[in-house]
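Trainee: build me a model from this:
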Amino acid sequence: MAAAGGRCRDAVSRARPVLGDDRAGVAPMTAPASVVYVVPDKMGGMMNIIANLLEYRRPDGVGHHALLTHNHLHTDTRFARPLAADTQTTVEYTLPVENLHAVMRRLARAVPPGSGVYVAGDLLDLATASVHDFGRAVIYMLHGDSDYYYDLAAKHDAVIHAFIAYSRRMHERLVARLPHRAGTIFHLPYGIPLPAGVARANHGRLRLAFAGRLEQGQKGVFDLPEIDRLLAAQGVAVDWTIAGGGPDEIELKRRWAFNPNVRWLGVLSNAEVIMMYATQDVFVLPTRVEGFPVALVEAMGAGVVPVVSDIESGVPEVVVSALTGERPPVGDVRAFAQALAALDGDRPRLAAMGAAARRSIAERFDIRDRVADYQALYARWRELYRPLAAGRHLQYGSRLDQPWIPNAVVRFVRSAAKRP
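Mentor: Next up is the predicted model:
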């Protein structure tokens with residue numbers, strides 16, 4: 001990993017001495033307070049949110065650190081670039097081949113000493129905090145409106161000191177799931193930097209874009225070629241641009257083989273995606289479930305009109321039908337095609353909606369305003385923090401995932417079991 005201003009470091013598992021057993025003591029309270037973000041090393045909305053919080057943070061006299069985690073068995077495109085953090089560490093691992101407790105110890109060793117905040121977003125982060133008390137307030141960011149994230153919150157209730165929900169629906173669902181924690185569940189929408197490039201009026205073929213993970217289960221990408229077929233049947237001339245990669249990319253291209261003019265850009269950096277939006281008219285997102293889609297907010301910030309599934313979380317908070325975008329029913333490809341055809345036939349309305357979309361994001365989702373809310377919550381870490389209760393052990397993994405079993409033994413047994 002390249003260093004940024006000498007502040008980034010590439011440490012895999014030896015950031016500081018071994019902490020001993022899996023119930024390591026509280027970090028020295030005399031060390032400087034800091035905020036530690038733990039985030040998977042992969043492209044996507046979760047990384048974009050953390051990257052923006054780091055880049056646009058206000059001076060507060062507190063260190064900000066990034067711990068990127070990477071599972072070698074995952075195929076997602078890695079982020080693998082410097083963040084605007086005081087230190088940046090990458091923790092490599094291979095699960096479920098390794099002993100989960102060995103991986104948790106590896107992650108724990110990478111957490112800088114001192115008090116403050118430990119920001120978690122997934123199972124490994126929370127599991128590590130359940131057996132290692134860092135002397136930090138554990139703040140859990142929910143990254144999606146799905147049972148997976150609510151179940152993680154419930155399982156780690158005793159470990160988490162505060163929760164962040166991006167959308168109102170996520171906030172309401174989490175409060176309903178954990179009513180006794182209502183006072184520590186915070187609705188904090190994230191923000192984005194307003195793109196400098198803005199979509200301009202276009203009198204030619206309607207320019208349609210999708211940016212995100214090419215995956216059917218969540219993103220509904222197989223709807224895209226069906227929408228294209230319906231538009232062609234109506235005589236609506238469009239140009240498609242697709243940015244991203246994912247497990248269903250090959251199948252999506254096969255289904256869309258009837259249109260050789262689809263432009264496939266592959267995986268782009270966030271900056272490249274933002275530049276691409278400035279050349280588009282409409283952002284098409286036939287998603288099935290989201291927390292609060294970052295790509296949607298970024299596209300609207302560039303003045304691109306969204307036509308996005310009318311899901312319950314996030315979308316209703318930012319897309320006002322017929323004003324800042326359109327919200328066809330989930331999975332209704334005919335409704336998507338109708339909405340796009342109507343925009344194609346009324347270019348003044350399209351331009352007005354694009355301007356309204358950008359104005360809405362500028363007024364409500366400017367990262368320079370939103371980051372202050374996050375830092376205000378982090379500043380309350382002394383009030384929020386409570387030491388881990390003794391004698392409470394959460395169960396993870398299988399019988400081989402035990403703190404006393406050497407990692408080499410677990411790797412050997414699991415690797416041998418997979419051999420033919």
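Trainee: could you use CA atoms for every contact and neighbour count after this?
Mentor: Noted.
Trainee: pull the residues that contact stretch 201-220.
Mentor: 44, 221-222, 237-249, 252, 273, 277, 279-290, 295, 331, 344, 347, 351 (C-alpha atoms under 8 Å, 6 or more residues apart in numbering).
Trainee: next, the buried residues of that stretch.
Mentor: Residues of stretch 201-220 classed as buried: 206-216, 219-220 (neighbour count, 16 or more other C-alpha atoms under 10 Å).
Trainee: what about it, how long is it end to end?
Mentor: By C-alpha to C-alpha, to the nearest Å, the extent of stretch 201-220 from end to end equals 29 Å.
Trainee: and that stretch, how far out from the chain's middle?
Mentor: Distance of stretch 201-220 from its chain centroid, counting by C-alpha atoms, centre = their mean, to the nearest Å, is 19 Å.
Trainee: sort out for me which of the contacts of stretch 201-220 are in strands.
Mentor: Counting by DSSP state E, the part of the contacts of stretch 201-220 found in strands is 238, 239, 240, 241, 242, 243, 282, 283, 284, 285.
Trainee: which residues touch the first one?
Mentor: Think residue 238. 205, 206, 207, 208, 231.
Trainee: could you point out which element follows the helix or strand where the third one lies?
Mentor: Put plainly, it is residue 207. Using DSSP states H and E, residue 207 sits within strand 206-211. Downstream of strand 206-211, the next assigned helix or strand under DSSP H and E is helix 216-219.
Trainee: show me the contacts for the residue most central in space within the chain.
Mentor: Of all residues in the chain, the one closest to the mean position by C-alpha atoms, centre = their mean is residue 46, 1.7 Å from it. Residue 46 makes contact with 39, 143 under the criterion C-alpha under 8 Å, 6+ apart.
Trainee: looking at this, it is in a helix?
Mentor: Yes: assessed by DSSP: H, G, I helix; E, B strand; the rest coil, residue 46 belongs to a helix.
Trainee: could you look up the SS state of the residue nearest to residue 236 when sequence neighbours are not counted?
Mentor: Spatial nearest neighbour of residue 236, chain neighbours left out: residue 341 (6.4 Å); criterion: C-alpha to C-alpha, 6 or more residues apart in numbering. The three-state label given to residue 341 by three-state DSSP is helix.
Trainee: and what of residue 39?
Mentor: Classification of residue 39 by three-state DSSP places it in strand.
Trainee: how close does the closest residue to it other than its chain neighbours get to residue 361?
Mentor: Sequence neighbours aside, residue 68 is the residue nearest to residue 39 in space, at 5.1 Å (criterion: C-alpha to C-alpha, 6+ apart). Distance of residue 68 to residue 361, computed by C-alpha to C-alpha: 29 Å.
Trainee: and what of residue 82?
Mentor: When distance is defined by C-alpha to C-alpha, residue 82 is 26 Å away from residue 361.
Trainee: those two: who's more crowded?
Mentor: A count of neighbours by other C-alpha atoms under 10 Å puts residue 361 above the other of residue 82 and residue 361, at 23 against 19.
Trainee: distance of the more buried one from residue 324?
Mentor: According to C-alpha to C-alpha, residue 361 stands 10 Å off from residue 324.
Trainee: these two touch, right, residue 76 and residue 244?
Mentor: No: when contacts are counted by C-alpha atoms under 8 Å, residue 76 is not listed as touching residue 244 (10.7 Å).
Trainee: low pLDDT regions in the stretch 251-400 of the chain?
Mentor: 391-393 (pLDDT under 70).
Trainee: can you pull out the helices in it?
Mentor: Taking DSSP state H, counting those that start in this stretch to define them, one finds helices in the stretch 251-400 of the chain at 270-277, 294-301, 315-318, 333-345, 347-364, 367-378, 381-384.
Trainee: point out the most buried one among those.
Mentor: helix 294-301 (a mean of 26; mean count of other C-alpha atoms under 10 Å).
Trainee: which residues sit against that one?
Mentor: Helix 294-301 has contacts (C-alpha under 8 Å, 6+ apart) with 45, 48-49, 192, 194-195, 211-212, 274, 277, 283, 285, 305-306, 318, 354, 357-359, 361-362.
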